[in-house]
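Peer 1: Here you go, sequence then predicted model.
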Amino acid sequence: KAGVTQTPRYLIKTRGQQVTLSCSPISGHRSVSWYQQTPGQGLQFLFEYFSETQRNKGNFPGRFSGRQFSNSRSEMNVSTLELGDSALYLCASSLSTALRTPSNQYFGPGTRLLVL
Amino acid sequence: DAKTTQPPSMDCAEGRAANLPCNHSTISGNEYVYWYRQIHSQGPQYIIHGLKNNETNEMASLIITEDRKSSTLILPHATLRDTAVYYCIVRVAKESGAGSYQLTFGKGTKLSVIP
């Protein structure tokens, strides 16, 4: 079974621009979560989508947004980029059913964003 | 708020067992202990999880103390490929309610396996 894929893998943008990152979950997984990883703050949760609805959101400004499509693929968007948005953005997918113990999250390789 | 405490770094000789400790003294009865690792520049990888019994899989063993306030991840025969940052995470047993769908990562333990 193919793993979580993220595109693009590397991206360079300038301040003020916007960026869209894409994530394709493992086949059959309906939950997609996004995380930001920086050297200073570590791994931080951005938001989680399930069945095209945002179920949970971390403490990030409104410039960070996301969506999920009917095929469970997800995108996240960052508008008005700042230098501090330079980070590794990770996507994770899981089966996520309320009848089970927490589903294991399977991470993609990440998109490394550099804001100049 | 960190719910787990781990040593920042550890060394282990190749071929020996690596024992990574984690304190979670405020763990609730409905919270699991999860372990992930992150090899440099890759996404985190699930290793193992448990509630109160010891668990073993093809990657590692998880030993949870009887009071559940601490646990130890054991890599029985560490190899150079096990060099990574290891994260211990506590997580609610049922996926419901705000906050239960996310993983809260601390700073983890940087394990260096030495030849």
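Peer 2: That came in fine, so what should we check first?
Peer 1: and A:Gln54, what element?
Peer 2: Assigned by DSSP states H and E, A:Gln54 belongs to strand A:53-57.
Peer 1: Summarise which helices and strands that strand is packed against.
Peer 2: On a contact count with 3 or more C-beta pairs under 8 Å, 6 or more residues apart in numbering or on different chains; DSSP states H and E, strand A:53-57 meets strand A:42-50. For the C-beta atoms, the positions are set from N, CA and C on the backbone; glycine is no exception.
Peer 1: Identify each buried residue in the strand it packs on, please.
Peer 2: A:43-50 (16 or more other C-beta atoms under 10 Å in any protein chain shown).
Peer 1: For chain A, what's the nearest residue on chain B?
Peer 2: B:Gly43 (3.1 Å; C-beta to the nearest C-beta).
Peer 1: quick one: that residue and A:Leu90 touch, right?
Peer 2: Yes. Contact criterion C-beta atoms under 8 Å: B:Gly43 and A:Leu90 qualify, at 5.2 Å.
Peer 1: Pick out whichever of these two has more residues nearby.
Peer 2: A:Leu90 (26 against 23; other C-beta atoms under 10 Å in any protein chain shown).
Peer 1: Please report phi then psi for A:Gln18.
Peer 2: Here is the backbone geometry of A:Gln18 (degrees, to the nearest 10): phi -120, psi 160.
Peer 1: picking that back up, out of the buried residues of strand A:42-50, which comes closest to A:Gly110?
Peer 2: Of all those, A:Gly110 sits closest to A:Leu43, with 10.6 Å by C-beta to C-beta.
Peer 1: What pLDDT does the model give that closest one?
Peer 2: With respect to pLDDT, A:Leu43 scores 92.
Peer 1: if you skip the residues just before and after it, what's nearest to it?
Peer 2: Distances taken as C-beta to C-beta, 6 or more residues apart in numbering or on different chains put B:Phe105 closest to A:Leu43, at 3.9 Å, once the chain neighbours are dropped.
Peer 1: dump the residue contacts of the residue most central in space within chain A.
Peer 2: Note on chain A: the residue nearest the mean C-alpha position is A:Trp34, at 2.8 Å, using C-alpha atoms, centre = their mean. Contacts for A:Trp34 (C-beta atoms under 8 Å, 6 or more residues apart in numbering or on different chains) come out as A:23, A:45-48, A:66, A:74, A:76, A:89-92.
Peer 1: about what we covered before: reformat the buried residues of strand A:42-50 into JSON lines and put distance to B:Asn54 next to each item.
Peer 2: JSON lines is the format used below for the buried residues of strand A:42-50 (distance: C-beta to C-beta, whole Å):
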{"residue": "A:Leu43", "distance to B:Asn54": "27"}
{"residue": "A:Gln44", "distance to B:Asn54": "31"}
{"residue": "A:Phe45", "distance to B:Asn54": "29"}
{"residue": "A:Leu46", "distance to B:Asn54": "34"}
{"residue": "A:Phe47", "distance to B:Asn54": "34"}
{"residue": "A:Glu48", "distance to B:Asn54": "30"}
{"residue": "A:Tyr49", "distance to B:Asn54": "35"}
{"residue": "A:Phe50", "distance to B:Asn54": "32"}
